[in-house]
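*Asks:* let's see this in three dimensions:
(one chain, ligands or ions: 2)
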Amino acid sequence: MAAEPVNVNEFQELARQALPKMYYDYYSGGAEDQHTLKENVEAFHRFTILPRVLVDASRIDLSTTVLGYKISAPIMIAPTAMHKLAHPEGEVATARAAAACNTIMILSYMSTCTVEEVASSCKAIRFFQLYVYKRRDITANLVQRAERCGYKAIVLTVDTPRLGRREADIKNKMVAPQLKNFKGLISTKVSSDDGSNLEAFANNTFDASLSWKDIGWLRSITNLPLLIKGVLTCEDAIKAVGVGVDGIVVSNHGGRQLDYSPATISVLEEVVHAVKGKVPVLFDGGIRRGTDVFKALALGAQAVLIGRPAVYGLAAKGEYGVKRVIEMLKDELELTMALSGCPTVKDITRNHVRTKHEALHSML
Ligand SMILES: Cc1cc2nc3c(=O)[nH]c(=O)nc-3n(C[C@H](O)[C@H](O)[C@H](O)COP(=O)(O)O)c2cc1C
Ligand SMILES: CCCCC(=O)C(=O)O
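*Replies:* Ligands and ions are numbered 1, 2, ... in the order given. Predicted coordinates for the structure are as follows:
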């Protein structure tokens, strides 16, 4: 039997061994040259952590709150599509892991378990991610079902007017299963023998005309708090605050949409500055270590989301695997906080990290 993984990265190889190539490629891949995919991880290497010594580190408290919900650590589960392609229990297993770790799961609009199945499976705090279809009635139906079964917020993904060009999916002629959420509403099957069926589906179905003025429409169909996911610039952060969103997720969709968009950790601080504390800023992209979580918090994120690590954990070991992934990141974050003299997440400040550029500057 393979040895137990000792870090999150080791789950990737286990997932590769567990999954059919078509699905592993779908989960792991990015758009075009995969430049942004790689940069998301590598850009973390350009920040160092500046520890403070002789701080009482006998008790470390990782807990925080997001939209008023207390969670055990600032690490949440990002929305990722179609968990049944990774494991037969699908999103139900992921939600149970989130509940066991006392954190928040954001369920993807493109989930393979229904919003109701996930809601009744456990007590996890759940948010619901949204894509907007041309058929707005279908989107409204999903929002209202999510609200009815206790999802606490809507996370509107705004970086996907069309699906990014993922070349492995094109080569594999990636096919997606019928999604139960949409049963009787719309067929998620696209009969194209050419290229990625997922891309064809998204491009036929997603409303590419979605714009800032539609935020008002969303507000008119739900009372839930609204976050927008996929902001990378100060301009958009200011617009988002201006239209009254309740939170922002700095994200480039894990490098799967616009290739050569910046690594998320490289733009986090400017977005945080633009938002001026008016709404919480969450972060995702490339989190693989507790030190990565620490760096994102130091640059102003309220919490981070993990995408692929959770999916790899699920593919490798089901619910237990997702739980282990979260626990590993929590353990690493706890150690990082102890070693850097930060007993609580509030103690983590901008002065605890330094960029390569700042390091050079300080030598002048
Ligand atoms: C396989 C996969 C499926 C995804 N599906 C969705 C989705 O349905 N909705 C969404 O908003 N983002 C989706 N994302 C993006 C994630 O929410 C998140 O932004 C990204 O995975 C973060 O980067 P990381 O994988 O490096 O943690 C998906 C990402 C992956 C890897
Ligand atoms: C049409 C499915 C989109 C899922 C998604 O967001 C992704 O694969 O990145």
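*Asks:* all strands for the stretch 201-350 of the chain, in order.
*Replies:* 226-231, 247-250, 281-284, 303-306 (DSSP state E, counting those that start in this stretch).
*Asks:* make a markdown table out of these and add mean pLDDT and mean neighbour count.
*Replies:* C-beta: built from backbone N, CA, C; applies to glycine. Putting the strands of the stretch 201-350 of the chain into a markdown table (pLDDT from 0 to 100; neighbours: other CB atoms under 10 Å) gives the following:
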| stretch | mean pLDDT | mean neighbour count |
| --- | --- | --- |
| strand 226-231 | 98 | 24 |
| strand 247-250 | 98 | 27 |
| strand 281-284 | 99 | 26 |
| strand 303-306 | 99 | 27 |
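*Asks:* now the stretch 201-350 of the chain against ligand 1: closest residue?
*Replies:* Nearest to ligand 1 in the stretch 201-350 of the chain, going by CB to the nearest ligand atom, is Gly307, at a distance of 2.0 Å.
*Asks:* spatially nearest residue to that residue (excluding sequence neighbours)?
*Replies:* Ala78 (4.0 Å; CB to CB, 6 or more residues apart in numbering).
*Asks:* please apply the same query to Val243.
*Replies:* Closest residue in space to Val243, ignoring its immediate chain neighbours: Ile215 at 4.7 Å, by CB to CB, 6+ apart.
*Asks:* got a list of what the residue positioned nearest the centre of the chain touches?
*Replies:* Centroid-nearest residue in the chain, with CA atoms, centre = their mean: Ala78, separated by 2.8 Å. Ala78 makes contact with Ile106, Ser251, Gly254, Asp284, Leu305, Ile306, Gly307, Ala310 under the criterion CB atoms under 8 Å, 6 or more residues apart in numbering.
*Asks:* which one among the residues you listed gets closest to ligand 2?
*Replies:* Using CB to the nearest ligand atom, the contacts of Ala78 come closest to ligand 2 at Gly254, 7.0 Å.
*Asks:* please report how far the nearest residue to that closest one once chain neighbours are set aside lies from Asn40.
*Replies:* Among residues not flanking Gly254 along the chain, Gly307 sits closest, at 4.9 Å (CB to CB, 6+ apart). Using CB to CB, to the nearest Å, Gly307 is found at 10 Å from Asn40.
*Asks:* find residues that contact each of the two.
*Replies:* Counting by CB under 8 Å, 6+ apart, the contacts common to Gly307 and Asn40 are Gly254, Gly285.
*Asks:* neighbouring contacts of the helix or strand Ala99 falls within?
*Replies:* Ala99 belongs to helix 90-100 when elements are defined using DSSP states H and E. The contact list for helix 90-100 (CB under 8 Å, 6+ apart) reads 76-77, 82-84, 87, 104-105, 107-108, 111-113, 117-118, 121-126, 310, 313-314, 318-323, 326.
*Asks:* what of stretch 48-59?
*Replies:* Residues contacting stretch 48-59 (CB under 8 Å, 6+ apart): 291, 294-295, 298, 336-343, 351-354, 359.
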